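K.L.:
turn this into a structure:
(2 chains)
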Amino acid sequence: MTVLAARTVGVVLDGARVVDGLGLALERGDWLALIGPNGAGKTTFLRAVAGLVPYEGSIALAGDEVASLGRRELARRTAVVPQIPVIPPDMGVLEYVVLGRTPHLPYAGAPGRRDVDAARAALGALDALHLAGRRLGSLSGGERQRAVLARAVAQDGTLLLLDEPTSALDVGAQQQVLELVASLRAERGLTVLAAMHDLTLAGQYADRLVLLDGGREAASGPPGEVLTEELVARHYGASVRVVEGEDGLAVVPLRPRVDAERPVA
Amino acid sequence: MTDAGRLRARLAAARGDRPLPGISLAWAFAVLVFVVVAAILGLALGPVSLGAGRVARELLSHVPFLGVESSLTETEDAILWELRAPRVALGLIVGALLASAGAAYQGVFRNPLADPYLLGAAAGAGLGATLVIAYDVGDPLGFDLRPVAAFAGALLGVATAYALGRSVGGGRSTATLILAGVTVAAFLTAVQTFVQQRNADTVQEVYAWILGQLETSGWREVLIALPYAVVSSALLLWHRRLLDVLAVGDDEAASLGVAVARVRLLVVAAATLGTAAAVAFSGLIAFVGIIVPHAVRLLVGTSYRAVLPLSLAVGAGFLVLTDLICRTAIAPAELPIGVVTAFLGAPFFAAVLRTTRTVGP
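P.N.:
I've put the predicted structure just below:
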């Protein structure tokens, strides 16, 4: 089943064309990562899919055009994990996760027992039920990201939109969070569209990558086809070595002109 | 889930996690008692003391089947029902409106310093009342035009600020709305100051109005203010959970299915209607809209499911008690209520800032 079909999508922000002619399709259970240098249009494309910015072209969720779906219906189908979530420090974790039930409630309606149970189940799925009684302000970065993911899971949508979900986390927390997303995908059949900065993690977790540059698709395909030293050098201006191991690819940054800077003995 | 995770989940379930915030029965009862006690004190005390117990008996004598008899004389009965009761009722209404509007503004703008006058309601009301007083319009329609002018000025001020903010930021940014409010307020205050300067003989009357008062001429003001109070309070209470959703910011609230601009417009409109009704009959009473919601947050946390209804009730009781101080501190003269709320509110707020690391919206 095609969860997301985008065709010739363009987004213009303040007169600048930030996304230009982008097209992609996701089947149920896919994990597609958008990669590319800063300003390539990754976040803007995710925002267009979430209905947060106007777009040209077509973005269809299970056949329905995003622009024609109401905000609540859109929120029932897609859940967004933003790059820098707004965390009200005094809000309880369970209360925060219950916010994910908002699109399933009547306008201004209060959550019921079923919504609280769904929030608890979401926390349980993320191994975070023990955090339910804590304040958000007391959580570590990794715990906080679990709470944000739990809120997205509680939304009970089919498409998870992750915007740099691990950018503020240490390497251990990065792995934990992505493993949790991978298990959600496996257990619940979630479809994942993620903007990712870390090329190694993108290559290890996503089935397919789309490399964006200047709002356009520069390359797409399985990680082995997109994560090449030549493409990374051309589009990131970075010197890297791509190492292929048993567990997948690793993109290792190289320091340019190391020899020239070596102090003379 | 890992074995450790399952164990933690079972332990958390066994402990019983913090329930979702709402109003606990204990807080609801405590606040109800506070409001009733404030109202009875407001009715009982004044230049002629009626006694709290006798006032309570008089009130209960109107409840059928209780068989309680009043011990008030005819004069005392007139003082109670014709002088004090309308004033206490107006105090309850104005306090409830200002405190709930303040809480709503703080939520909708995610700004702990937001108050009901943030978008130019005070400046607009001030200009309206000043024009009527300065040019001695009188009562060509058979009633005092000051409340009408203040009401219209408050609505006009906020509507102008909202339209200006939306035309700049498309209604998406709270910062542009707040800046538009500051701009409109500065302009209206400049006009009001100019009018006041050109009519120096009425400065004292304008000044007295601006400092706020709860003077009534019977039940008329209460009956006029009541429908606005009901509509404003009902709309704000209805939206209290959406204010919790707005706490995660406009973008995230939108991705959770909330039509942010529409909700903000509705909440601002409801809060403005209440504020305009309040300033029309009480002048500009400062600080109630800030200190009451923050005091409530200190007690019950930050969820608007609890903060909004409790602010409404505590604000009502607080203003009646403040008015009692105004009436009795230097009797038979009266203190302006805006002075007393600020005099009590400023040290309280300073204490709140010292004892809490953060003041949440």
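
K.L.:
just the helices in the stretch 1-150 of chain A please.
P.N.:
Ranges of helices within the stretch 1-150 of chain A are A:42-49, A:71-77, A:93-98, A:113-125, A:141-154, based on DSSP state H, counting those that start in this stretch.

K.L.:
those helices: which one's closest to chain B?
P.N.:
Each of the helices of the stretch 1-150 of chain A was scored for nearness to chain B using C-beta to the nearest C-beta, and the closest is helix A:71-77 (3.2 Å). For the C-beta atoms, the positions are set from N, CA and C on the backbone; glycine is no exception.

K.L.:
tell me what the closest one is packed against?
P.N.:
Helices and strands touching helix A:71-77, as assessed by 3 or more C-beta pairs under 8 Å, 6 or more residues apart in numbering or on different chains; DSSP states H and E, are absent.

K.L.:
ranges for the strands of the stretch 1-150 of chain A?
P.N.:
Along the stretch 1-150 of chain A, the segments classed as strands by DSSP state E, counting those that start in this stretch run A:2-13, A:16-27, A:31-35, A:56-61, A:64-65, A:78-81.

K.L.:
rebuild the ones you listed as CSV, extending it with distance to A:L193.
P.N.:
Output for the strands of the stretch 1-150 of chain A, formatted as CSV (distance: least, C-beta to C-beta, whole Å):
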stretch, distance to A:L193
strand A:2-13, 7
strand A:16-27, 6
strand A:31-35, 5
strand A:56-61, 11
strand A:64-65, 17
strand A:78-81, 9
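
K.L.:
these into a markdown table, with extra columns for distance to chain B, mean pLDDT and mean neighbour count?
P.N.:
Below are those laid out as a markdown table (distance: least, C-beta to the nearest C-beta, whole Å; pLDDT from 0 to 100; neighbours: other C-beta atoms under 10 Å in any protein chain shown):
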| stretch | distance to chain B | mean pLDDT | mean neighbour count |
| --- | --- | --- | --- |
| strand A:2-13 | 13 | 95 | 18 |
| strand A:16-27 | 16 | 94 | 18 |
| strand A:31-35 | 17 | 96 | 25 |
| strand A:56-61 | 14 | 96 | 18 |
| strand A:64-65 | 15 | 96 | 12 |
| strand A:78-81 | 4 | 95 | 26 |
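
K.L.:
which stretch among these comes nearest B:G153?
P.N.:
In this view, the strands of the stretch 1-150 of chain A are compared for proximity to B:G153 by C-beta to C-beta, and strand A:2-13 is the closest at 38.5 Å.

K.L.:
tell me which helix or strand of chain A sits lowest on mean pLDDT?
P.N.:
helix A:258-261 (a mean of 56; mean pLDDT, DSSP states H and E).

K.L.:
re the thing from before, of all the strands of the stretch 1-150 of chain A, which lies closest to B:F287?
P.N.:
strand A:78-81 (38.6 Å).

K.L.:
can you list the neighbours in contact with the closest one?
P.N.:
Surrounding strand A:78-81, the residues in contact under the criterion C-beta atoms under 8 Å, 6 or more residues apart in numbering or on different chains are A:46, A:49-52, A:61, A:100, A:145, A:148-149, A:151-153, A:155, A:157-163, A:165, B:252, B:255.

K.L.:
just the buried residues out of those residues, in ChimeraX syntax.
P.N.:
Once 16 or more other C-beta atoms under 10 Å in any protein chain shown is used to decide burial, the buried members of those can be selected in ChimeraX as follows:
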select /A:46,49,50,51,52,61,100,145,148,149,151,152,153,155,157,158,159,160,161,162,163,165 /B:252,255
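
K.L.:
out of the helices of the stretch 1-150 of chain A, deepest packed?
P.N.:
Neighbour counts (mean count of other C-beta atoms under 10 Å in any protein chain shown) averaged over each of those peak at helix A:93-98, with a mean of 27.

K.L.:
pull the CA atoms of the helix or strand harbouring B:A278 into CSV?
P.N.:
Taking DSSP states H and E as the criterion, the element that holds B:A278 is helix B:260-282. These are the backbone C-alpha positions of helix B:260-282, laid out as CSV (Å, rounded to 0.1, in the frame of the first residue of the first chain):
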residue,chain,number,x,y,z
VAL,B,260,-3.8,27.2,15.9
ALA,B,261,-4.7,30.6,14.4
ARG,B,262,-8.5,29.9,14.9
VAL,B,263,-8.1,28.8,18.5
ARG,B,264,-5.9,31.8,19.2
LEU,B,265,-8.5,34.2,17.7
LEU,B,266,-11.4,32.6,19.6
VAL,B,267,-9.5,32.7,23.0
VAL,B,268,-8.3,36.2,22.4
ALA,B,269,-11.8,37.3,21.4
ALA,B,270,-13.4,35.6,24.5
ALA,B,271,-10.7,37.1,26.9
THR,B,272,-11.1,40.5,25.3
LEU,B,273,-14.9,40.4,25.6
GLY,B,274,-14.5,39.7,29.3
THR,B,275,-11.8,42.3,29.8
ALA,B,276,-13.8,44.9,28.0
ALA,B,277,-16.8,44.2,30.2
ALA,B,278,-14.6,44.4,33.3
VAL,B,279,-12.9,47.6,32.4
ALA,B,280,-16.2,49.2,31.4
PHE,B,281,-17.5,49.0,35.0
SER,B,282,-14.3,48.9,37.1
